[in-house]
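Participant: Okay, sequence plus prediction incoming.
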Amino acid sequence: MSETPHLSGPFRVGDRVQLTGPKGRLHTITLRENGELHTHNGVLKHELLVGQPDGSVVTNSSGHDYLALRPLLRDFVMSMPRGAAIVYPKDAAQILSQADVFPGATVVEAGVGSGALSLWLLRAIGPSGRLVSFERREEFADVARANVETFLGATPPTWEVVVGDLVESLPDAVAPASVDRVVLDMLAPWECIDAAADALTPGGVVLCYVATATQLSRVAEYIRGTGLFTDPDASETMVRGWHVEGLAVRPDHRMVAHTGFLLTARRLAPGAVPPEVKRRASKSSYGDEDVELWTPGAVGDREITDKNLRKRVREAQKAADGVRGRGGDAVAAAETPDANA
């Protein structure tokens, strides 16, 4: 029987542990009875960690010290197997803030991708909330399910994954005017705005995460054209780290700059007409000739090959099997060095 990972307290069997060894090399393991981490620097027995507090230092068979910490959610999502591109932690934090995702909220998400944003949303809604995630590709849904199970130890009862198109499936999944938040992370979110408007409760928030300025413009104008929402707000988030060592204080040479735009709007009450907002006239209509502008290739959405995707599915499921304790191969997969270390 599998153990559910604990997020605090002494390390216990079933917990995931991030080990920092010689030269800063990272290894993430799942603690097992009689488990061992084998590296070219020696062997570290899992039993040395069981019962130790988070932040402990343990020594392996060759005398090398390892710092043991539970991986943060941001650590996990940056190293987990990916079927589709993930929502980066900096954007996930802004999504939770700008959409005001709260404990007990009913949230609809599309698409689910690799499950990174799903994990943040599940944490925010708590045990009394509900998250319904839509994904068109079964393979991506499989990767997301496995990643969520790997981090949480099991698939939470508050989460439902629907494989299919949101526009077609949303009316069957939720009642009209019952959803608090809708988060759209997809190529053409304007195609889902009408369905989102029907599902949202008055005052509810729709948030769109898009990569390009042309996508941002089109979804903003579509939302305005419905007359069902407040005027949309748009932003992007850039994070710049700093090197701080003594008097050597300077910005890092690299920064996490543009990853995507966030656009939010709130659902109006039925029949409500907001005060007119004066703005300069602009072209706000799009014809059929613009369709090519929104294809994956045109907006830089990199396609993943079927062979590569099948590999990602296997990696994610092996990690989830490690949590369920289904054999030595799965444990070995859970103890491989972090890809981004």
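Facilitator: Yep, that arrived. Numbering: from 1, shown residues only.
Participant: all contacts plus neighbour counts: C-alpha atoms, from now on.
Facilitator: Will do.
Participant: Export stretch 265-278 to PDB, keeping only CA atoms.
Facilitator: These are the backbone C-alpha positions of stretch 265-278, laid out as PDB (Å, rounded to 0.1, in the frame of the first residue of the first chain):
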ATOM      1  CA  ALA A 265     -12.300  40.200 -17.100                       C
ATOM      2  CA  ARG A 266     -15.300  39.700 -14.700                       C
ATOM      3  CA  ARG A 267     -18.800  38.400 -15.600                       C
ATOM      4  CA  LEU A 268     -21.500  41.000 -15.500                       C
ATOM      5  CA  ALA A 269     -25.000  40.300 -14.100                       C
ATOM      6  CA  PRO A 270     -27.600  39.300 -16.600                       C
ATOM      7  CA  GLY A 271     -28.800  42.400 -18.400                       C
ATOM      8  CA  ALA A 272     -26.300  44.700 -16.800                       C
ATOM      9  CA  VAL A 273     -24.800  47.400 -19.000                       C
ATOM     10  CA  PRO A 274     -21.600  48.900 -17.500                       C
ATOM     11  CA  PRO A 275     -20.700  52.600 -17.900                       C
ATOM     12  CA  GLU A 276     -19.300  53.400 -21.200                       C
ATOM     13  CA  VAL A 277     -15.500  53.500 -21.400                       C
ATOM     14  CA  LYS A 278     -14.200  56.100 -23.900                       C
END
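Participant: State which strand of the chain is the longest.
Facilitator: The residue-count maximum for a strand in the chain (DSSP state E) belongs to strand 200-210.
Participant: Packing partners of the next helix or strand after it?
Facilitator: Next in sequence after strand 200-210, counting helices and strands by DSSP states H and E, comes helix 213-226. Helix 213-226 is packed against strand 261-266, with contacts defined by 3 or more Cα pairs under 8 Å, 6 or more residues apart in numbering; DSSP states H and E.
Participant: tell me the average confidence for the helix or strand that the strand it packs on is followed by?
Facilitator: Note on strand 261-266: by DSSP H and E, the next helix or strand toward the C-terminus is helix 306-324. Helix 306-324 carries an average pLDDT of 82.
Participant: before we move on, the earlier item: who does the longest strand of the chain pair with, and is each partner parallel or antiparallel?
Facilitator: Partners of strand 200-210 in the sheet, by DSSP bridges, are strand 179-185 (parallel), strand 261-266 (antiparallel).
Participant: How far away from the center of its chain is the last one?
Facilitator: A distance of 18 Å separates the centroid of the chain from that of strand 261-266, by Cα atoms, centre = their mean, to the nearest Å.
Participant: ok and the longest strand of the chain relative to helix 213-226, angle-wise?
Facilitator: 160 degrees (axes from the mean of the first three to the mean of the last three Cα atoms, to 10 degrees).
Participant: So which residues make contact with strand 200-210?
Facilitator: 95, 99, 176-187, 189, 196, 216, 260-270 (Cα atoms under 8 Å, 6 or more residues apart in numbering).
Participant: For ChimeraX, write a command that selects the buried ones of those.
Facilitator: The following ChimeraX line selects those of these that are buried, judged by 16 or more other Cα atoms under 10 Å:
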select :95,99,176,179,180,181,182,183,184,185,186,187,189,196,216,260,261,262,263,264,265,266,267,268
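Participant: Wasn't residue 162 part of a strand?
Facilitator: Yes: Residue 162: assigned to a strand according to DSSP: H, G, I helix; E, B strand; the rest coil.
Participant: ok, now which ones touch the closest residue to it other than its chain neighbours?
Facilitator: Nearest residue to residue 162, sequence neighbours excluded (Cα to Cα, 6 or more residues apart in numbering): residue 134, at 4.8 Å. Contact analysis of residue 134 by Cα under 8 Å, 6+ apart lists 108-112, 161-166.
Participant: Next, residue 134: phi, psi?
Facilitator: Phi and psi for residue 134, reported as degrees, to the nearest 10, are phi -110, psi 140.
Participant: go on, the one 4 residues further on?
Facilitator: Residue 138 adopts backbone torsions of phi -60, psi -40, taken as degrees, to the nearest 10.
Participant: Report how many residues lie close to it.
Facilitator: Residue 138: 12 surrounding residues under other Cα atoms under 10 Å.
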